[in-house]
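Colleague: Give me the fold of what follows.
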Amino acid sequence: MAIDKGHAVRIITLLLIVLGLLGFLTSCAQTNRIPTDTQEAILRATTRCDHEALVKHYEAAAKEMQAKVKEHKKMLESYGTVTFNYGKDGLALQSHCENLINLYEQAVKANKDMANSHRTMAAEIK
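Modeller: Numbers count the residues shown, from 1 in each chain. Sure, this is the predicted structure:
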């Protein structure tokens, strides 16, 4: 069975394109994992995929902190309606919740800022 050269060149070209695309897609697959040591991940972040993985990490942390803000706001609301049941402790619990809400909101902002910084770094890498 004879194969003409034009047909063989098209098949080889198509195979090279497919292999190239697979190589491109798998290049980010392994590096998107954040090691348990975030500091190490930051120090080793050199590729676009590394920075995108850090973006995901910081966005997840911001989302988690935002959930804590919501949870403590509900607690604060509860302590506000039943303060008479807790006496002086009720005021301390309210104050404690307010402080935690403030700290978690700062953590949300810091994590979003870090995600944006790494998003910018990833965009700059071609």
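
Colleague: Helix or strand: which one has the most centrally placed residue in the chain?
Modeller: Residue closest to the mean C-alpha point of the chain, counted by CA atoms, centre = their mean, is residue 56 at 1.9 Å. Using DSSP states H and E, residue 56 sits in helix 48-81.

Colleague: Going by neighbour count, list what's buried in whichever helix in the chain runs longest.
Modeller: Scanning the chain for the longest helix, with DSSP state H as the assignment, gives helix 88-124. For helix 88-124, burial by neighbour count (16 or more other CB atoms under 10 Å) applies to 93-94, 97, 100-101, 104, 107-108, 111-112, 114-115, 118-119, 121-122. C-beta coordinates here come from the backbone N, C-alpha and C atoms, glycine included.

Colleague: Can you name every helix or strand that that helix contacts?
Modeller: helix 48-81, helix 83-86 (3 or more CB pairs under 8 Å, 6 or more residues apart in numbering; DSSP states H and E).

Colleague: Which one of those lies nearest to residue 9?
Modeller: helix 48-81 (32.6 Å; CB to CB).

Colleague: Mind listing what's buried along the closest one?
Modeller: Going by 16+ other CB under 10 Å, helix 48-81 has these buried residues: 48-55, 57-59, 61-62, 65-66, 68-69, 72, 75-76, 79.

Colleague: Need the contact partners of stretch 66-81.
Modeller: 86, 90, 93, 94, 97, 98, 100, 101, 104, 105, 108 (CB atoms under 8 Å, 6 or more residues apart in numbering).

Colleague: run the last query once more with 10 Å
Modeller: 85-86, 89-105, 107-108, 111-112 (CB atoms under 10 Å, 6 or more residues apart in numbering).

Colleague: Low-confidence bits of this structure, can you list those?
Modeller: Across the chain, the ranges flagged by pLDDT under 70 are 1-3, 7-8, 14-16, 18-36, 82-87.
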